[in-house]
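Q: Here you go, sequence then predicted model.
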Amino acid sequence: MENVADYKEIVEVIKLSGGDAFKMCFQCGLCDTVCPWNRVRDFSMRKIVRQATFGFTDIESEDIWRCTTCGLCPSRCPRDVKQIESGVALRKIATEYGVFPTAVKPIRTISGSLMGEGNPLSEERKDRAKWAEGLGVQTFDEEMEILYFPGCYLSYDQRLKKVAKATVQVLKAAGVEFGILGEKESCCGESIRKTGDEEVFRRLAKENIKNFIDAGVKKILVSSPHCYHTFKNEYPEFMVNFEVIHMSQFLAQLIQEGRLEIKGEYAKKITYHDPCYLGRHNGIYDEPRQVLGSVPGLELAEMPDCLETSLCCGGGGGRIWMETPKGERFSDLRLQQAMDLEAQVLVTACPYCITNFEDSRLTLDNGESVEVKDISEVVQEVI
């Protein structure tokens, strides 16, 4: 470690990177008590905070990369230590010096793909709108009501393309005039920022902002809570403010206004998973439940960890790009909770959550007994 950065440099970089709140910690340990990592292995955020305070955190350790930025510990912290911002500050140091543990090395490839093609999946930019072929989706123009921003996973991932297509069908059924940017859409940059790569984030943000302004965008509809959080809470750092709405909110609005009519029944027992960046980070809990409550025949059962205490799927903070060993996956715990309720469908509203839950379905005993659906897919089936 001494060959990478000395004590004074570490302390100064932490401070400049937004991690100075580390000094507020008085080691109460509440962060460790609520951290989901301690359900699957020994992990101490308190230890990392303590070390960083004195400038000797081992930035070669995988532990500084474990945080999923789920928001549980900041919500309980009595001293406002800002664990997420402080943890990202440590990752900025590691990124600056190119220090990545084995499990974190994929981040290098991710950064290259984001810079080159505007997505983290090593897919070609020219194929970004292929998911919409045959659906009659138009390129956005400023006369339209809303820009639909599906995001990277819904544009390229085979499972999640189904969510984008369901969303289009719902919007059309409600008579919403919308369009997409296609090749001019780039990753929102939220997750790469949480890995400490501020340079890539700022480049992506500026590209998107320029394209939004050039197209005359005023209102943006997103399917990903990570896009929602970034556009709403982080892009204003660049002196812009777009109206941003998540699909779960828009569905509730369309139903309330009578623009979207629920015609069929969904006679299944379901449970709803609150995504961290929709719930804890942005306070959106009621609208998804209002939408599900408007569907005839649907039985909603809550899991033990729900609403403000929802259990993270494990995909935030860039963890969606890192390998997590079997036995340490939060998504396995979450799917088991749904199975314990004897739910037929686990519904959520985040592409990272769906990705992790689908993986867990394949690895858990009897995991395939539970379907995983985005809330848009459920609505699409009953309109």
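A: Perfect, I can see it now.
Q: Name the nearest residue to residue 142, sequence neighbours excluded.
A: Using CB to CB, 6 or more residues apart in numbering and skipping residues adjacent in sequence, the residue nearest residue 142 is residue 216, 2.8 Å away. No exception for glycine: its C-beta is placed from N, CA and C like everyone else's.
Q: The one you found contacts residue 141, correct?
A: Yes: counting by CB atoms under 8 Å, residue 216 touches residue 141, with 7.2 Å between them.
Q: where do the strands sit along the protein?
A: Using DSSP state E, the strands of the chain run over 146-149, 178-179, 219-222, 243-246, 269-272, 299-300, 345-348, 371-374.
Q: Can you spell out which helices and strands pack onto the top helix by length along the chain?
A: If you go by DSSP state H, the chain has its longest helix at helix 198-215. Contact here means 3 or more CB pairs under 8 Å, 6 or more residues apart in numbering; DSSP states H and E; on that basis helix 198-215 packs against helix 106-117, helix 190-194.
Q: Tell me which of those helices sits nearest to residue 293.
A: helix 190-194 (29.3 Å; CB to CB).
Q: Identify all contacting residues around that closest one.
A: Residues from elsewhere that reach helix 190-194, judged by CB atoms under 8 Å, 6 or more residues apart in numbering: 69, 84, 88, 91, 107, 110-111, 114, 120, 200-201, 204, 226-227, 229-230, 234, 277, 316-318, 320-321.
Q: Narrow those residues to those that are buried.
A: 69, 84, 88, 91, 107, 110-111, 114, 120, 200-201, 204, 226-227, 229-230, 277, 316-318, 320-321 (16 or more other CB atoms under 10 Å).
Q: The stretch 51-200 of the chain: helices as residue ranges?
A: Assigned by DSSP state H, counting those that start in this stretch, the stretch 51-200 of the chain shows helices spanning 72-76, 83-97, 106-117, 152-156, 158-173, 190-194, 198-215.
Q: Kindly format the C-alpha coordinates of the second one as PDB.
A: Output of helix 83-97 as PDB, limited to C-alpha atoms (Å, rounded to 0.1, in the frame of the first residue of the first chain):
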ATOM      1  CA  GLN A  83     -21.100   5.900   4.000                       C
ATOM      2  CA  ILE A  84     -21.900   5.800   0.300                       C
ATOM      3  CA  GLU A  85     -20.100   9.100  -0.700                       C
ATOM      4  CA  SER A  86     -17.200   8.100   1.600                       C
ATOM      5  CA  GLY A  87     -16.900   4.600   0.200                       C
ATOM      6  CA  VAL A  88     -17.000   6.000  -3.400                       C
ATOM      7  CA  ALA A  89     -14.200   8.300  -2.300                       C
ATOM      8  CA  LEU A  90     -12.000   5.300  -1.500                       C
ATOM      9  CA  ARG A  91     -12.900   3.700  -4.900                       C
ATOM     10  CA  LYS A  92     -11.800   6.900  -6.600                       C
ATOM     11  CA  ILE A  93      -8.400   6.500  -5.100                       C
ATOM     12  CA  ALA A  94      -8.200   2.900  -6.300                       C
ATOM     13  CA  THR A  95      -9.400   3.900  -9.800                       C
ATOM     14  CA  GLU A  96      -6.900   6.700  -9.900                       C
ATOM     15  CA  TYR A  97      -4.000   4.300  -9.200                       C
END
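Q: Quick check: buried residues in it?
A: Buried residues in helix 83-97 (16+ other CB under 10 Å): 83-96.
Q: Same check on the fifth one?
A: Buried residues in helix 158-173, counted by 16+ other CB under 10 Å: 160-171, 173.
Q: what's the spacing between that helix and its chain's center?
A: Distance, stretch centre to chain centre, for helix 158-173: 18 Å (CA atoms, centre = their mean, to the nearest Å).
Q: How about stretch 373-383?
A: 20 Å.
Q: State the mean pLDDT of that stretch.
A: The average pLDDT within stretch 373-383 is 98.
Q: got it, and stretch 93-107?
A: 87.
Q: How about stretch 242-255?
A: For stretch 242-255, the per-residue pLDDT averages 98.
Q: Output that stretch as PDB, nothing but the C-alphas.
A: The C-alpha trace of stretch 242-255 is given here as PDB (Å, rounded to 0.1, in the frame of the first residue of the first chain):
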ATOM      1  CA  PHE A 242     -35.400  17.700 -16.700                       C
ATOM      2  CA  GLU A 243     -38.700  16.400 -15.400                       C
ATOM      3  CA  VAL A 244     -38.100  12.700 -14.700                       C
ATOM      4  CA  ILE A 245     -40.600  10.100 -13.900                       C
ATOM      5  CA  HIS A 246     -40.200   6.300 -13.300                       C
ATOM      6  CA  MET A 247     -42.500   3.900 -15.100                       C
ATOM      7  CA  SER A 248     -44.200   2.800 -11.900                       C
ATOM      8  CA  GLN A 249     -45.100   6.400 -11.100                       C
ATOM      9  CA  PHE A 250     -46.400   6.900 -14.700                       C
ATOM     10  CA  LEU A 251     -48.500   3.800 -14.600                       C
ATOM     11  CA  ALA A 252     -50.200   5.000 -11.400                       C
ATOM     12  CA  GLN A 253     -50.800   8.400 -13.000                       C
ATOM     13  CA  LEU A 254     -52.200   6.900 -16.200                       C
ATOM     14  CA  ILE A 255     -54.500   4.600 -14.300                       C
END
